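Asker: sharing a model that was predicted from the sequence below.
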Amino acid sequence: MWGEMRGIMRAVVLRSHGGPEVLTFEDVEVPLPGPDEVQVHIRATALNRADILQRMGGYPDPRGPGFLEIPGLEYSGLVSAVGERVKMWKVGDRVMAIESGGAYAEYICTHERQLLAVPSNIPLADAAAIPEVFLTAWDALVLQGGLTSGRWALVHAGASGVGTAAIQIAKAIGARIAVTCSSGKAQACRDLGADLVVERSPHDWLADVLEVVPQGFDVVLDVIGGDEVERNLKAVTTKGTIVQVGLMGGGSTQVNVGLLLMKRARWIGTTLRARPLEEKAALTRKFAAEVLPLFESGRLKPIIDSRYPFLQIADAHIAMGANANTGKILIDISNAGD
């Protein structure tokens, strides 16, 4: 191993589940990289809905009981040490990544093939807003849903992190996109390039979108679930695809499966967190080749709502729970790279 030696770092450790008050800070050992791993001094992390679910006990850490339960699914930072077999990175490189957990901490270790280079035109502190939402949106729309130029996508929660990423990706590949959003967030979605924006209340979003796109949507990206599932089946076109990436509205609902059969549609459930290493690594490398250049050219950019100091991470969770943000909420962990 080359670089940092083991020491003590500050991290958020979940010893119980519940409200923001369970986000407690502890001094724990800095993790050392394995032969194929890279140790990163984290500059920033970003909040995700899954963080809130995990905090409340509804989204168990897939790494199992052998790990301290340190939340955090994405980060940006500087390489501080590398394992003996690492070839892709060196100490001092600017990197970002998704992880199964552990990013609410000053240091983390990640397999070298899961890391992404931070685009040269993106500040290191802002890059934490990229990995989870852009990988999720691109995987769901393009790889899973088959979205291509000229086709229509429908994305719920258009002002969320995934939503703001999805709008940009759709426009970058020449597709057309409709989004639903909470009241007061429509203009932000239009500013990003959405072709059709419908506020979810008091409007009947299904009637509104089908008035403009009567043939239905080639791809529906849904982070809500619940009662929206039935409406998604009515909104998707024949042989279209619904990609379910979240359940903000609940995981249980009644569904008319007959609609799915009649339209010969696909309904795919997917998540990044539980995928095996090789699958994550393959997705990351494909993303690096096909999507990262769009950040360098300025066609994609992270959308940041607000940022909080590490010690105020509970306040950030409260802010996300209020659903007032447009784009990502970032947490400044350290001054690495400043």
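Answerer: Cool, the structure landed.

Asker: the most far-flung residue of the chain relative to its centre and Val133: what is the separation?
Answerer: For the chain, the largest distance from the centre (Cα atoms, centre = their mean) belongs to Met262, which lies 32.3 Å off. Distance from Met262 to Val133, counting by Cβ to Cβ, to the nearest Å: 33 Å. In short, each C-beta sits where N, CA and C put it, glycine included.

Asker: then Thr45?
Answerer: For Thr45 relative to Val133 (Cβ to Cβ), the value is 13 Å.

Asker: in terms of neighbours, single out the busier of the two.
Answerer: Between Thr45 and Val133, counted using other Cβ atoms under 10 Å, Thr45 has the larger neighbour count: 32 against 25.

Asker: so that one touches Gly77, yeah?
Answerer: No - when contacts are counted by Cβ atoms under 8 Å, Thr45 is not listed as touching Gly77 (9.1 Å).

Asker: next, show the common contact partners of the two.
Answerer: Ile333 (Cβ atoms under 8 Å, 6 or more residues apart in numbering).

Asker: which residues touch the closest residue to Gly174 other than its chain neighbours?
Answerer: Leaving aside its sequence neighbours, Gly174 sits nearest to Ser149 (Cβ to Cβ, 6 or more residues apart in numbering; 3.3 Å). Contact partners of Ser149, counting by Cβ under 8 Å, 6+ apart, are 173-175.

Asker: how deep is the nearest residue to Gly327 once chain neighbours are set aside tucked in, by neighbour count?
Answerer: Nearest residue to Gly327, sequence neighbours excluded (Cβ to Cβ, 6+ apart): Ile303, at 3.2 Å. By other Cβ under 10 Å, 24 other residues sit near Ile303.

Asker: now Ile303. Its backbone dihedrals?
Answerer: phi -110, psi 120 (degrees, to the nearest 10).

Asker: give me the distance between stretch 56-63 and the centre of its chain.
Answerer: How far stretch 56-63 lies from its chain's middle: 16 Å, per Cα atoms, centre = their mean, to the nearest Å.

Asker: now the end-to-end length of that stretch.
Answerer: 17 Å (Cα to Cα, to the nearest Å).

Asker: buried stuff in that stretch?
Answerer: Buried residues in stretch 56-63, counted by 16 or more other Cβ atoms under 10 Å: 59, 61.

Asker: cool, stretch 107-117 as well?
Answerer: So stretch 107-117, judged by 16+ other Cβ under 10 Å, has buried residues 107-116.

Asker: now render these as CSV, adding distance to Thr270, pLDDT and secondary structure.
Answerer: Below are these laid out as CSV (distance: Cβ to Cβ, whole Å; pLDDT from 0 to 100; DSSP: H, G, I helix; E, B strand; the rest coil):
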residue, distance to Thr270, pLDDT, secondary structure
Tyr107, 30, 97, strand
Ile108, 24, 97, strand
Cys109, 26, 97, strand
Thr110, 21, 98, strand
His111, 21, 97, strand
Glu112, 24, 98, helix
Arg113, 20, 97, helix
Gln114, 17, 97, helix
Leu115, 22, 98, coil
Leu116, 20, 98, strand
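
Asker: nearest to Val22 among the residues you listed?
Answerer: Nearest to Val22 among the buried residues of stretch 107-117 is Ile108, at 20.7 Å by Cβ to Cβ.

Asker: before we move on, the earlier item: for the residue nearest to Gly327, give its distance to Lys328.
Answerer: 6 Å.

Asker: what do those two both touch?
Answerer: Residues touching both Ile303 and Lys328 (Cβ under 8 Å, 6+ apart): 129, 161.

Asker: so which residues of the stretch 201-338 of the chain form strands?
Answerer: 217-222, 236-244, 266-269, 304-309, 328-332 (DSSP state E, counting those that start in this stretch).

Asker: pairing partners for the last one, with directions?
Answerer: The reference is to strand 328-332. When sheet partners are counted by DSSP bridges, strand 328-332 sits next to strand 37-46 (antiparallel), strand 304-309 (parallel).

Asker: most tightly surrounded among those strands?
Answerer: The highest mean neighbour count among those, using mean count of other Cβ atoms under 10 Å, belongs to strand 37-46: a mean of 28.

Asker: quick one on the thing from earlier: pLDDT and distance to Ala153 added to the contacts of Ser149, as a markdown table?
Answerer: Formatted as a markdown table, the contacts of Ser149 follow (pLDDT from 0 to 100; distance: Cβ to Cβ, whole Å):
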| residue | pLDDT | distance to Ala153 |
| --- | --- | --- |
| Ile173 | 98 | 10 |
| Gly174 | 98 | 12 |
| Ala175 | 98 | 6 |
